[in-house]
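# got a predicted structure plus its sequence, pasted below:
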Amino acid sequence: MVTMLKGKTALVTGSTSGIGKGIAEALAGEGANIVLNGFGDADEIEQHRADLAERTSVAVTYSGADLSQPKAVAAMVSEAEAQYGAVDILVNNAGIQHVSPIEDFDDERWDKVIEINLSSNFHAIKHALPAMRRKGWGRIINVASAHGLSASPFKSAYVAAKHGVIGLTKAVALETGGSGVTCNAICPGWVLTPLVEQQIRARAADSGQSYEEEKVALVAEKTPSKDFSTPEQIGGLAVFLCSPSADQITGAPLSIDGGWMAQ
């Protein structure tokens, strides 16, 4: 079966779980070779890698690069290019969260959120872009957030980083205009990832409500649809951005948030 992305290679950061996993699976389903990246149990990651390769019949490799280290990001891209020839599709998805009033926000946690959620995007784009330019085709997809377009209290580092991701996306789009390379930002609202599940448990612990009660309350606060987006839906949007139909979409923050930004 001929698939749209056959012969192309996608590097997806933070793809061992959650949104990144959904995006990697969607791209693999369209024939792209995949470089996974993220933290977690080594045996579980290897099982996921092997299963994805078997189900989709594409090459799937794994990089354990620490995205807070610029040299590790550069090495990850270099290794992918050495194996596959180029990173045709770069998905910057990895992210961490810390919630705190700003006056109590730990300095080291601020730095770590900015390193992982914003700076790693810059370093990965910097090193992947030259090969995309040489080939005359590339797709850079930065997973931002509804918090890249709007703010919430107690998430200063995350909000600052995600606003920065959208600014970076626009700058890269301007620099790559006419090159065959596009750069866009996907802005999910609430997605029931492990990161969000941690927030729900923390809310439940503070409020004394059950996990299910806080789950419903959380999504209803911001989302008119009163429902979570799914990694599969976000993966579908990523696939669309890699299609010929999206050739003239670049520099765009694309919301997939159940109506959050419509308010």
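That came through, no problem.

# use CA for all of it now, contacts and neighbours both
OK.

# please compute how far the longest helix along the chain lies from its chain's middle.
Scanning the chain for the longest helix, with DSSP state H as the assignment, gives helix 156-176. Helix 156-176 sits 13 Å away from the centroid of its parent chain (C-alpha atoms, centre = their mean, to the nearest Å).

# likewise for stretch 179-193?
So, by C-alpha atoms, centre = their mean, the centroid of stretch 179-193 is 7 Å from its chain's centroid.

# number the residues from 562 up from this point.
Right, with 562 as the first residue, what we last looked at is stretch 740-754.

# hey, C-alpha coordinates of that stretch in CSV?
What follows is stretch 740-754, C-alpha atoms only, in CSV (Å, rounded to 0.1, in the frame of the first residue of the first chain):
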residue,chain,number,x,y,z
SER,A,740,11.9,27.1,0.4
GLY,A,741,9.5,24.2,0.4
VAL,A,742,9.7,24.1,4.2
THR,A,743,6.8,25.0,6.4
CYS,A,744,6.6,25.7,10.1
ASN,A,745,3.4,25.6,12.1
ALA,A,746,2.2,25.3,15.7
ILE,A,747,-0.5,23.0,17.0
CYS,A,748,-2.2,24.4,20.0
PRO,A,749,-4.1,21.7,21.9
GLY,A,750,-6.4,22.5,24.8
TRP,A,751,-6.9,19.8,27.4
VAL,A,752,-5.6,16.4,26.4
LEU,A,753,-5.8,13.6,28.9
THR,A,754,-2.0,12.9,28.9
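
# what are the buried residues along that stretch?
Neighbour-count burial for stretch 740-754 flags 741-754 (criterion: 16 or more other C-alpha atoms under 10 Å).

# and the longest helix of the chain, average pLDDT?
The pLDDT scores in helix 717-737 average 98.

# can you mark which positions in that helix are buried?
Going by neighbour count (16+ other C-alpha under 10 Å), the buried part of helix 717-737 is 717-731, 733-734, 737.

# what's it packed up against?
Under the contact definition 3 or more C-alpha pairs under 8 Å, 6 or more residues apart in numbering; DSSP states H and E, helix 717-737 sits against helix 668-675, strand 742-749.

# sec struct for Leu815, please.
Secondary structure for Leu815, judged by DSSP: H, G, I helix; E, B strand; the rest coil, is strand.

# any weak-confidence spans in the stretch 612-761 of the chain?
For the stretch 612-761 of the chain, no stretch has pLDDT under 70.

# for it, which segments count as helices?
631-645, 668-675, 681-696, 717-737, 755-768 (DSSP state H, counting those that start in this stretch).

# now, of those helices, which is deepest in the fold?
Highest mean neighbour count of the helices of the stretch 612-761 of the chain: helix 717-737, a mean of 21 (counted as mean count of other C-alpha atoms under 10 Å).

# give me the contacts around that one.
The contact list for helix 717-737 (C-alpha atoms under 8 Å, 6 or more residues apart in numbering) reads 657-660, 663, 671, 674-675, 678-679, 682-683, 703, 705-706, 708-713, 743-746, 811-814.

# ditto for stretch 784-804
Looking at what lies outside stretch 784-804 - C-alpha under 8 Å, 6+ apart - the contacts are 565, 579-588, 591, 650, 700, 702, 747, 749-753, 777, 780-781, 807-808, 810, 817-821.
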